[in-house]
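> Quick one, what's the 3D model for this:
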Amino acid sequence: MLRGYPFGEADKVVVLLSPNHGKVRAVAKGVRKTKSRFGGRLEPFTHVDVLLYEGRNLDTITQVTVVEAFSHLRLELDRVLAAGTMVEAIDAVAQEEAGSHRQFLLLQRGLRALEAGPVHPDLVAAFLLKLAAVVGVAPALEACAECGSTEDLARFSLASGGVVCRSCSHDRGVKLRDGLTAHLAALAEADLSELPPANDLSRDAIGITRRFVEFHLERRLESLSLLDG
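Got it, this is the predicted structure:
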């Protein structure tokens, strides 16, 4: 489940990510009552199996089974905020009635990494880089996004879509610290459960990744703002 919002006096509309049907909105009737039969099963970050009754405008949830509760990640604020960023980003790119299998698996891997332990300093950056690749806007990290050169990759251009060489940048874009391009490339390739050791480039990595993703989403990631704070 991605999120939910009140609907009427006791109901709630929940927004789900289905691997086969994309983003799905459905009504959970009576879920806001104290004695709701759904209990706490319809909460964000929860992997659920639901049975839906097809309605004219919105489907109705008739049965819910928890597949993975991810209960441990809810115990620490940093993990909750990281999970919130992942869910918010997925929610922004997922489409209704469109297959989202890769997005679903990526979110599942991200939540499992958070469930396993403390937040790795590069986890959110790695997740966002992988999400950019899934939706087809992966940044160029190993060659100039303008000319393809692999030499003198000194800046990062949001508009060009990645690193640019000194000749193409014309001193525009974000100046990169030594080693940051290689660090970002390593994060984009690494498994979320086996990220490279954190180093002093981690803060720069999430900063540039956040700006890149927000540029392409054309919206701020509010959960990430809280995580930075």
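> Need phi/psi at residue 88.
With angles defined as degrees, to the nearest 10, residue 88 sits at phi -60, psi -40.
> okay but it is in contact with residue 225, surely?
No - using CB atoms under 8 Å, residue 88 makes no contact with residue 225, being 10.4 Å away. Any C-beta I mention is one placed from the backbone N, CA and C, and that applies to glycine too.
> With neighbour numbers in mind, choose between the two.
More crowded of residue 88 and residue 225, by other CB atoms under 10 Å: residue 88, with 19 against 12.
> quick one on the thing from earlier: between residue 88 and residue 225, what contacts are shared?
Contact criterion CB atoms under 8 Å, 6 or more residues apart in numbering; no residue bridges residue 88 and residue 225 by contacting each.
> How is this structure partitioned into domains?
Structural domains assigned to the chain are 3-68, 73-228, following automatic domain parsing.
> contacting residues for the nearest residue to residue 33 once chain neighbours are set aside?
With CB to CB, 6 or more residues apart in numbering as the criterion, residue 33 has its nearest non-adjacent residue at 5.1 Å, and that residue is residue 10. Counting by CB under 8 Å, 6+ apart, residue 10 makes contact with 29, 30, 31, 32, 33.
> Next, count neighbours for the last one.
The burial metric for residue 33, expressed as a neighbour count using other CB under 10 Å, is 12.
> same check, this time on the first one
Applying other CB under 10 Å, we find 17 other residues in the vicinity of residue 29.
> who's in contact with the residue lying closest to it once chain neighbours are set aside?
Nearest residue to residue 29, sequence neighbours excluded (CB to CB, 6+ apart): residue 11, at 5.1 Å. By CB under 8 Å, 6+ apart, residue 11 lies in contact with 27, 28, 29, 30, 31, 32.
> Thank you, goodbye.
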